[in-house]
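K.L.:
sequence? don't have it. structure:
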């Protein structure tokens with residue numbers, strides 16, 4: 001019966017010519033689902049998959065809706081840190097069950113964390129940076145009682161770092177008993193979980209059709225407040241104009257991919273509204289230090305004075321970004337609001353003359369041909385030309401641009417970076433750290449990709465990770481960013497803004513600064 005209901009409802013989402021309002025107990029969201037390739041929390045890393053994880057799985061701790069300065073209990077009832085700062089002890093809330101009905105115990109939490117480390121998928125590094133390996137994880141993450149466990153680290157890191165990392169999707173708790181019944185040749189149930197569900201969150205996965213839709217429904221076994229709606233459906237809609245049309249017709253409730261022009265149109269519709277949140281993502285232009293011209297400090301600084309930040313903010317980035325000239329987005333510990341650079345061609349020309357390039361120079365710039373990167377590139381190209389800097393734009397798809405960037409073969413590149421977890425080290429450890437600048441280095445941070453050799457700044461970034469006092473740790477990151485802003489080969493441009501357009505009868509929908517913090521289970525409809 002449910003299958004028939006779902007089939008009929010999916011037809012109403014656009015396969016019939018007549019518009020049909022979405023059901024009152026269902027939230028329909030238009031998003032781009034083509035990058036979602038798995039729904040195993042040990043493997044999910046970005047996009048809509050993150051949002052699904054945040055609403056279907058629990059963790060030991062997570063961030064509250066309003067305050068992301070410190071994690072709050074989720075499955076954990078309480079925790080403590082040993083005197084030497086290297087062992088974290090957790091006690092779980094009693095009586096919690098998975099959606100399957102199986103009880104959730106410390107054994108599940110320990111197994112889930114160990115599983116993520118052993119599987120070693122892309123997000124596993126978030127846990128692995130604490131010294132966990134396949135060989136030692138059973139010793140370092142261990143059960144100490146039915147509802148208690150201990151996590152030991154290889155160094156006395158800042159307590160906030162570990163707790164912040166435990167809010168990430170990779171630290172989601174899965175149903176060990178269920179997954180062991182689905183295990184195939186020692187894969188910890190990974191093949192099965194890529195398209196299925198083994199969690200305890202407020203919503204649960206009902207169906208996933210890759211590239212088409214994701215259907216979530218209320219988990220009636222959830223230990224917290226009951227989800228406001230019976231189901232949430234993500235529908236793959238790639239084009240901004242199509243999303244807007246479906247929203248205006250009432251065929252969807254929320255559109256997550258509207259461009260500036262469509263957002264302007266939505267603002268004129270009384271039946272629609274928008275909600276916006278600054279995201280943990282920054283846009284920047286990278287300058288490869290393998291290019292001897294760009295390696296000159298005066299040239300690096302001159303380029304920062306050749307961007308018309310305010311004009312781009314008002315046009316290309318209208319609704320979608322705010323000026324941010326530091327590597328930490330607003331909202332992260334140690335973030336700064338200092339944005340000293342502006343378009344100043346005379347100043348840039350004086351710096352170029354000092355560097356030995358009074359007539360400018362020529363460089364190429366790798367740019368993704370989709371999204372707003374092309375508009376950013378063209379705007380920068382025009383203002384740079386005023387100082388004699390000729391930029392040849394090299395458009396390419398994401399794979400082409402990233403391949404050249406990873407190989408350090410670019411001159412300039414317009415890129416974006418999203419914090420992998422909500423802690424300043426996620427950005428400082430890549431923008432301001434480069435332990436080995438050789439071509440065959442194992443650690444290939446953003447600083448490495450641009451051949452920026454910075455032993456002293458790398459040391460400062462490593463020290464900030466170990467600072468256990470929160471206020472002093474924030475001050476260290478502010479100092480690092482001040483130095484970075486002055487000397488780095490990065491032109492930091494904007495912090496992106498997430499904007500959702502929605503029907504006026506949708507209440508409680510608020511985008512989080514990261515996809516996993518958009519709480520769909522708190523949404524209701526009138």
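P.N.:
Perfect, thanks for sending it. Since we're looking at a predicted model, the values are computed, not measured.

K.L.:
what sits against residue 511?
P.N.:
Going by Cβ atoms under 8 Å, 6 or more residues apart in numbering, residue 511 touches 275-277, 279, 498-500, 518. (C-beta placed from N, C-alpha, C; glycine too.)

K.L.:
Among those residues, name the ones in helices.
P.N.:
In helices, judged by DSSP state H, none of those are found.

K.L.:
of these, buried ones?
P.N.:
Among the contacts of residue 511, those buried by neighbour count (16 or more other Cβ atoms under 10 Å) are 277, 279, 498-500, 518.

K.L.:
on that earlier part again, please produce JSON lines containing the contacts of residue 511, extended by distance to residue 69 and pLDDT.
P.N.:
Formatted as JSON lines, those follow (distance: Cβ to Cβ, whole Å; pLDDT from 0 to 100):
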{"residue": "275", "distance to residue 69": "22", "pLDDT": "96"}
{"residue": "276", "distance to residue 69": "21", "pLDDT": "96"}
{"residue": "277", "distance to residue 69": "16", "pLDDT": "95"}
{"residue": "279", "distance to residue 69": "17", "pLDDT": "95"}
{"residue": "498", "distance to residue 69": "20", "pLDDT": "95"}
{"residue": "499", "distance to residue 69": "24", "pLDDT": "96"}
{"residue": "500", "distance to residue 69": "24", "pLDDT": "97"}
{"residue": "518", "distance to residue 69": "19", "pLDDT": "94"}
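
K.L.:
Could you tell me which of those are located in strands?
P.N.:
In strands, judged by DSSP state E, the following of these are found: 275-277, 279, 498-500.

K.L.:
rewinding a little: ok, of the buried ones among the contacts of residue 511, which one's closest to residue 43?
P.N.:
If you rank these by distance to residue 43 using Cβ to Cβ, residue 518 comes first, at 20.0 Å.

K.L.:
contacting residues around the host helix or strand of residue 55?
P.N.:
Using DSSP states H and E, residue 55 maps to helix 48-56. Outside of helix 48-56, the residues within contact range by Cβ under 8 Å, 6+ apart are 31-33, 35-39, 41, 44, 169, 172, 197, 199, 201-205, 214, 216, 219, 232, 234, 512, 514-521.

K.L.:
In a helix, residue 414, correct?
P.N.:
No: using DSSP: H, G, I helix; E, B strand; the rest coil, the assignment for residue 414 is strand, not a helix.

K.L.:
give the contact list for it.
P.N.:
Residue 414 sits next to 283-286, 365-368, 373, 376-377, 380 when contact means Cβ under 8 Å, 6+ apart.

K.L.:
how about a cut-off of 6 Å?
P.N.:
The contact partners of residue 414, taken as Cβ atoms under 6 Å, 6 or more residues apart in numbering, are 285, 367, 373, 376-377.

K.L.:
Okay, and the beta partners of it?
P.N.:
residue 285 (DSSP bridges).

K.L.:
any idea how far residue 380 is from it?
P.N.:
Here residue 414 is placed at a distance of 8 Å from residue 380 (Cβ to Cβ, to the nearest Å).

K.L.:
do residue 177 as well
P.N.:
Separation of residue 177 from residue 380 (Cβ to Cβ) stands at 55 Å.

K.L.:
neighbour-wise, which of these two wins?
P.N.:
residue 380 (25 against 17; other Cβ atoms under 10 Å).

K.L.:
if you skip the residues just before and after it, what's nearest to the more buried one?
P.N.:
Closest residue to residue 380 apart from its sequence neighbours, by Cβ to Cβ, 6 or more residues apart in numbering: residue 307 at 5.8 Å.

K.L.:
ok so that neighbour is a strand residue?
P.N.:
No: if the criterion is three-state DSSP, then residue 307 is coil and not within a strand.

K.L.:
what's the closest non-adjacent residue to residue 392?
P.N.:
Distances taken as Cβ to Cβ, 6+ apart put residue 364 closest to residue 392, at 4.7 Å, once the chain neighbours are dropped.

K.L.:
List the residues that contact the one you found.
P.N.:
Per Cβ under 6 Å, 6+ apart, neighbours of residue 364: 392, 394, 411.

K.L.:
let's go with 7 Å and repeat that
P.N.:
392, 394, 411-412 (Cβ atoms under 7 Å, 6 or more residues apart in numbering).

K.L.:
Out of these, the closest to residue 487 would be?
P.N.:
Ranked by distance to residue 487 (Cβ to Cβ), the contacts of residue 364 are led by residue 412 at 17.4 Å.
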